[in-house]
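[1] structure for this input, please:
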Amino acid sequence: MSIDSVSIKDWAVEDRPREKMIHTGLSSMTDAELLAILIGSGTIGDSAVSLAQKLLRVADNDLVQLGRLGVKDLSAAVKGIGPAKATTIVAAMELARRRRSEAVQPGDTIRSSAQLARVFVPMLSDLPYEEFWVVLLNRANRMVAKYRISMGGVNNSVVDPRIVFKYALQHLASGLVFCHNHPSGNLSPSKQDLSLTKRLVSGAKLFDLQVLDHIIVGDGSYFSFADDGLLKEG
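    Predicted coordinates:
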């Protein structure tokens, strides 16, 4: 008997999401059903869909919150989600972040803060810790490269300006853009953010470099120092 001749009600519970995707397409799938495909199989007490629903409840049914959970978090949150299943979910979330962040590639011309946000919001918004990045631009404002300068705790990361300018000089860059995330989701620049930006702007002038913007991202949105008139030399 072919699968086409069997009612969905007769399919094994753990197979229903896969078969539903094949027969009815991705647009018909719920978040739990897509997550169940990653989970693969259920346990004696729970189907893969049931485990997926439990995981989503842990994350308040928010995929952004789910993306912030690591392997240990997922394994501890729901019985039946072991390291193998958790690793698959974390890897899928990371692939989704990387796919979204490919909106701007080396060689593309940077024209606005919104364009920069399309690079960094997917990369950094749902991280539970801070990361600080620099984007290097040539005289035509084309992106040469981007580097993570530091990663830190929930509230801050330590940034060494010497590392920033080392990369800039190595690539013969003319312009710099900085970006970091606020895990709290609060987009307002802190006193430390303002102080660091002024130091970097001042240091850049010594090397005939121009700081074009500093972007703060969090909870799917962003704040631009340039748009708000905050790029001032200290």
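[2] and the gap between the residue nearest to the spatial centre of the chain and Val159?
    By Cα atoms, centre = their mean, the chain has its centre lying nearest to Met123, at 2.7 Å. Distance of Met123 to Val159, computed by Cβ to Cβ, to the nearest Å: 17 Å. From N, CA and C alone the C-beta is placed, and that goes for glycine too.
[3] just the helices in this protein please.
    For the chain, applying DSSP state H gives helices covering 16-24, 31-39, 48-58, 63-67, 71-77, 83-101, 113-124, 161-170, 191-206.
[4] that older thread, state the pLDDT value of the residue nearest to the centre of the chain.
    The per-residue pLDDT reported for Met123 equals 84.
[5] does it touch Arg97 like I think?
    Yes: judged on Cβ atoms under 8 Å, Met123 makes contact with Arg97 at a distance of 5.8 Å.
[6] domains of this protein?
    Per the record, the chain has its domains at 3-100, 104-224, by automatic domain parsing.
[7] redo the ones you listed as CSV? Include distance to Leu230.
    Converted to CSV, the domains of the chain look like this (distance: least, Cβ to Cβ, whole Å):
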stretch, distance to Leu230
domain 3-100, 27
domain 104-224, 7
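[8] most tightly packed of those?
    domain 104-224 (a mean of 17; mean count of other Cβ atoms under 10 Å).
[9] next one: the residue nearest to Gly80 when sequence neighbours are not counted from Ser224, what distance?
    Nearest-residue entry for Gly80: Thr43, 4.1 Å, with adjacent residues in sequence omitted and distances by Cβ to Cβ, 6 or more residues apart in numbering. As defined by Cβ to Cβ, Thr43 lies at a distance of 47 Å from Ser224.
[10] go on, Asp208?
    For Asp208 relative to Ser224 (Cβ to Cβ), the value is 23 Å.
[11] let me see the contact set for the closest residue to Val58 other than its chain neighbours.
    Distance criterion Cβ to Cβ, 6+ apart; nearest residue to Val58, sequence neighbours excluded, is Ala77 at 4.5 Å. Residues counted as contacts of Ala77 (Cβ atoms under 8 Å, 6 or more residues apart in numbering) are 54-55, 58, 69.
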